[in-house]
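Trainee: build the 3D model from these lines:
(chains A and B)
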There are 2 protein chains.
Amino acid sequence: MADASTHPILRDDALEDYLARTADRRLESYKALLRIPSVSGIPAHAADCRAAAEFIAADLGEIGLEHVEICETGGHPVVYADWLHAAGKPTVLVYAHYDVQPVDPVDLWESPPFVPVVKEGRMLARGSSDCKCHVAMHARAVEALLATRKSLPVNLKFAFEGEEESSSVHLDAWLEANRERLKADFAVISDTSFFEGNLPAITIALRGLLYFQLDVTGSRLDLHSGVYGGAVDNPANALCAIVAALKGPDGRVKVPGFYDDVVELSELDRQAFAALPLDQEGYREGIGVPAFFGEPGFTILEQLGARPTLDVNGIWGGFEGEGAKTIIPAHAHAKISCRLVANQEPERIFELIAAYVAEVAPKSIRYSFQRLGDGRPSLTPIDHPATQAAARAIESTFGVSPLYIREGGSVPVCASFESILGLSTVLLGFAPADGQFHAPNEWMWMSNFETGIRTIARYWDEVEGLKLP
Amino acid sequence: MADASTHPILRDDALEDYLARTADRRLESYKALLRIPSVSGIPAHAADCRAAAEFIAADLGEIGLEHVEICETGGHPVVYADWLHAAGKPTVLVYAHYDVQPVDPVDLWESPPFVPVVKEGRMLARGSSDCKCHVAMHARAVEALLATRKSLPVNLKFAFEGEEESSSVHLDAWLEANRERLKADFAVISDTSFFEGNLPAITIALRGLLYFQLDVTGSRLDLHSGVYGGAVDNPANALCAIVAALKGPDGRVKVPGFYDDVVELSELDRQAFAALPLDQEGYREGIGVPAFFGEPGFTILEQLGARPTLDVNGIWGGFEGEGAKTIIPAHAHAKISCRLVANQEPERIFELIAAYVAEVAPKSIRYSFQRLGDGRPSLTPIDHPATQAAARAIESTFGVSPLYIREGGSVPVCASFESILGLSTVLLGFAPADGQFHAPNEWMWMSNFETGIRTIARYWDEVEGLKLP
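Mentor: Sure, this is the predicted structure:
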């Protein structure tokens, strides 16, 4: 742990006063951003996305950020801004996104999705938690720091994206083209949530992905199962045999070398997992499965967050209609994906799987692979100085130590920051776990919004003293 | 072997003279039947099917058969007729069908399908080989016998069906309702073909069928493979594991007891298989598979004809579209069928499979079965007296001993004759193996037609002396 752990955190009265004085304006500004229907996936909303970018750019300029630019990407723009006058101090790249999901089915909304209202402490609106809150919180934290101190404790670069909800189609190219401008010591991505029950949490890991299709072929055409059955292999049976060979009945992937590069859990990691409250039986019933199933030696949350998987996402071949058709299918197919964890490399894992399939596949069929997508896993350890700084900022504002959670899914932008920009990432988000992202009646705790602004401001103070690798 | 093997077969000059005299009329009668487009599967041809039945009924009455009846079935009628004056002699039930397959794609026919023409020794027409030839041949054989002797050597009952090409929907009910009338010592079904190269052959066995669907379910809805992957079983993976457990990599079914009731091959059976010429490499290339695959210890033809199978006919679950969708499917399904051989009972085999699946299925999923069809296998051994009588009739007319072949497929009517009427069956058919049944340009060797009429007449003489069990 860095010596930053002893960095003195003092209550910043000037900052608190400023925030108290500007509360109404802050709420109105957040609402104004939420009123812009910046749905990136619907072409008719392209002008709204640009309007949101312009709103943010104007805001960032007004509060004193520099080099504010609406960067063209070929799609919806990225809003860039920076403040780089903290000589000798760390530089942090901050990411959030201003685009939102579509609102259908719109009749399930209790109030219109782009008419933000606060009800019982919640801001109701599309984008309130995913993730315009974070754009606004970062802006307000920096505003308060610059207003009260005329400077920031660290160098900050902001990149607010407009295409996260439509696969970030143009982001990687923009990152590639702006590698120099985006140089930093680490990145903060604010697009995650607290743990269930609104327990403050830091996401320390995301799983990666390897996705491929396995195509098995036998005869030229479907064969009559009576005329040919018994002397000819069946691609569907063969596919099942290959798939069954990939994973054991205990849930462990049987591909030799599959686990070789997996970062094993430290005692600290296991304590962090154990600290997470989980109602196992309620969780199981909610999913509707008769029993859990996973790699032995790991808790459910460890299996979900810290261990790689191998799952069939789709399988097909032969006759799927009503009734009976007596054929030996000419071909059968499976889409298979692995969730990967640090430090598994998708390319290496694919090579291992391909080599193993070559070994176990019957010689009486032919097969081939199609690669359908890769994503690197990401892990910023609990004891990384930037993570610990975030933990202290949360504790000093929310009053509790954060939980450390791992997302089972993949966040492509995080992998891009690591692979294109070479940056470690702290995932610092304040959304409620049950914030109805992507669904009707999306909402954000206003208390998280308000406290989170203070957390972010504190975080930059915490980061100031870090000695980063 | 019955003492009938020493029954004197004399050349029947009167019969030969009669057949020589009536050759033109016989050809015209066959053509007249072929001109009737009795396509049973197309409702617009219902009247044609009835016309064919009426044509046959009139024919059978004219040649001296009795109790001729166009029997209503609820669908296309069965033509029944008999001759029962051979007191103390065997009674044989003779089956063929007068309905035909549709003719599409009609533009691939070299001549119109219902305008029969003889070209290079072949009768070209829809139904020429499947199976109006057999209706005509049986009628002509009996005509010649009755014309020259005023009697038949055995008692014969004819049932010519009109729905064989449309799943014999009404046949079982008609058989049930006519059990008494159809009593016989054994049945002759004439709807099969010679071996490739037009080598005379008797089909001694047909495989049965057990067809079911296995439905595996996991979660209530498809799950995000990142959020849930690792702690929840995947119905598609589980289905693959179950399917893979059913059959070993050597092609042997692994369900305990599966082979218990299988009639093992005798030395005679193995000799009969060994006598069948097969160009293995040409056969493999024709199918397009990289290698054969089947139960060890059996030749390809033995695997196809005398051994049971287990094949996936269709499998599906989850995402089948273009690209990648990262889900754990909520359910996955497989249609699975077994070809059965004597004396496997479909019901018993299903019970064995169900018990085995109960053992191997993971407890982390649920599953259920749907039964989608059963069919009993059939076997009339080579050394059955009625088979040996047919062999002698073939040898004395075609001049060579027949081969004994087994059809890998199932002929439901054969199973119905066994299960409803309790009859053993001799499959005595004369179609060319490559007669383009069900395809454009269906054809029949006129030499098989002519010689086959003599074979049938001889057969009744051979059967006369049989001591049947």
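Trainee: and the pLDDT for the residue most central in space within chain A?
Mentor: Chain A has residue A:411 as the residue nearest its centroid, 3.3 Å off, counting by CA atoms, centre = their mean. Looking at residue A:411, its pLDDT is 78.
Trainee: which residue, other than its chain neighbours, is closest to it?
Mentor: residue A:206 (5.1 Å; CB to CB, 6 or more residues apart in numbering or on different chains). Where you see a C-beta, it was placed from the backbone N, CA and C, and this is true even at glycine.
Trainee: what residues does the one you found make contact with?
Mentor: Shown in contact with residue A:206 (CB atoms under 8 Å, 6 or more residues apart in numbering or on different chains): A:377-379, A:406-407, A:409-411, A:414-415, A:427.
Trainee: again with residue A:361
Mentor: So residue A:361 contacts A:216, A:238, A:242, A:367 (CB under 8 Å, 6+ apart).
Trainee: neighbours of the closest residue to the second one other than its chain neighbours, how many?
Mentor: Spelled out, it's residue A:238. Counting by CB to CB, 6+ apart, residue A:238 lies nearest to residue A:365, which is 4.5 Å off, once chain neighbours are set aside. By the measure other CB atoms under 10 Å in any protein chain shown, the count of residues near residue A:365 is 26.
Trainee: all helices for the stretch 301-450 of chain A, in order.
Mentor: According to DSSP state H, counting those that start in this stretch, the stretch 301-450 of chain A carries its helices in the segments A:346-360, A:385-398, A:412-421, A:446-464.
Trainee: in the third one, what counts as buried?
Mentor: Yep, that's helix A:412-421 we're talking about. A:412-418, A:420-421 (16 or more other CB atoms under 10 Å in any protein chain shown).
Trainee: contacting residues around residue A:227?
Mentor: Residue A:227 neighbours (CB under 8 Å, 6+ apart): B:304, B:407-409.
Trainee: what's the least confident stretch among the helices of the stretch 301-450 of chain A?
Mentor: helix A:412-421 (a mean of 91).
Trainee: how about it and chain B, touching?
Mentor: No. Using CB under 8 Å from any CB of the partner chain, helix A:412-421 stays clear of chain B, coming no nearer than 11.6 Å.
Trainee: mind giving me the packing neighbours of that helix?
Mentor: Judged by 3 or more CB pairs under 8 Å, 6 or more residues apart in numbering or on different chains; DSSP states H and E, the packing partners of helix A:412-421 are strand A:91-97, helix A:171-177, strand A:186-189, strand A:378-379, strand A:425-427.
Trainee: report the angle between that helix and helix A:346-360.
Mentor: 110 degrees (axes from the mean of the first three to the mean of the last three CA atoms, to 10 degrees).
Trainee: so where's chain A shaky on pLDDT?
Mentor: A:1-10 (pLDDT under 70).
Trainee: and it, what are its domains?
Mentor: As given by automatic domain parsing, the domain ranges for chain A are A:3-206+A:377-464, A:208-265+A:302-374.
Trainee: and the ones you listed: which comes nearest residue B:355?
Mentor: With CB to CB as the criterion, residue B:355 lies closest to domain A:208-265+A:302-374 of the domains of chain A, at 18.4 Å.
Trainee: point me to the residue of the stretch 151-300 of chain A nearest chain B.
Mentor: Closest to chain B within the stretch 151-300 of chain A is residue A:226: 3.0 Å, counting by CB to the nearest CB.
Trainee: once you drop chain neighbours, what's closest to that residue?
Mentor: residue B:409 (3.0 Å).
Trainee: now for residue A:404, how many residues are close by?
Mentor: Neighbours around residue A:404, by other CB under 10 Å: 23.
Trainee: neighbours of the nearest residue to it once chain neighbours are set aside, how many?
Mentor: Closest residue in space to residue A:404, ignoring its immediate chain neighbours: residue A:272 at 3.9 Å, by CB to CB, 6+ apart. If you count neighbours by other CB under 10 Å, residue A:272 ends up with 24.
Trainee: confirm residue A:272 sits in a helix?
Mentor: Yes. Applying DSSP: H, G, I helix; E, B strand; the rest coil, one finds residue A:272 inside a helix.
Trainee: residues contacting it?
Mentor: A:204, A:382, A:403-404.
Trainee: so which of the contacts of residue A:361 is the most crowded?
Mentor: Result: residue A:216 is most packed of the contacts of residue A:361 (other CB under 10 Å), 29 neighbours.
Trainee: helix or strand for that one, just tell me which one.
Mentor: Counting by DSSP states H and E, the element that carries residue A:216 is strand A:208-217.
Trainee: tell me which helix or strand comes right after that strand.
Mentor: Next along from strand A:208-217, by DSSP H and E: strand A:223-224.
Trainee: does that next one come close to chain B?
Mentor: Yes. Counting by CB under 8 Å from any CB, chain B has neighbours in strand A:223-224: A:223-224.
Trainee: who touches stretch A:29-45?
Mentor: A:48-49, A:51-52, A:55-56, A:59, A:75-76, A:98-103, A:113-116, A:123, A:125-128, A:132-133, A:135-136, A:139-140, A:162-166, A:449.
Trainee: also stretch A:396-409?
Mentor: A:9, A:192, A:195, A:199-207, A:269, A:272, A:275-276, A:301, A:304-306, A:339, A:382, A:387, A:390-391, A:394-395, A:427, A:451-452, A:454-455, A:458, B:224, B:226-230, B:326.
Trainee: now the strands for the stretch 201-350 of chain A?
Mentor: For the stretch 201-350 of chain A, the strands defined by DSSP state E, counting those that start in this stretch occupy A:201-206, A:208-217, A:223-224, A:311-318, A:327-328, A:331-340.
Trainee: just put the ones you listed in CSV and tack on distance to residue A:85.
Mentor: Compiled in CSV, the strands of the stretch 201-350 of chain A are given as follows (distance: least, CB to CB, whole Å):
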stretch, distance to residue A:85
strand A:201-206, 28
strand A:208-217, 37
strand A:223-224, 75
strand A:311-318, 49
strand A:327-328, 72
strand A:331-340, 40
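Trainee: what residues does the stretch 351-469 of chain A have near chain B?
Mentor: A:362-366, A:372-373, A:407-410.
Trainee: likewise for the stretch 151-300 of chain A?
Mentor: So the stretch 151-300 of chain A meets chain B at A:207, A:209, A:211, A:218-221, A:223-234, A:236-237, A:239-241, A:243-245, A:247, A:249, A:251, A:287-295, A:300 (CB under 8 Å from any CB).
Trainee: compute the number of surrounding residues for residue A:47.
Mentor: Residues near residue A:47, counting by other CB under 10 Å: 11.
Trainee: doesn't it fall inside a strand?
Mentor: No. Secondary structure of residue A:47 (three-state DSSP): helix, not part of a strand.
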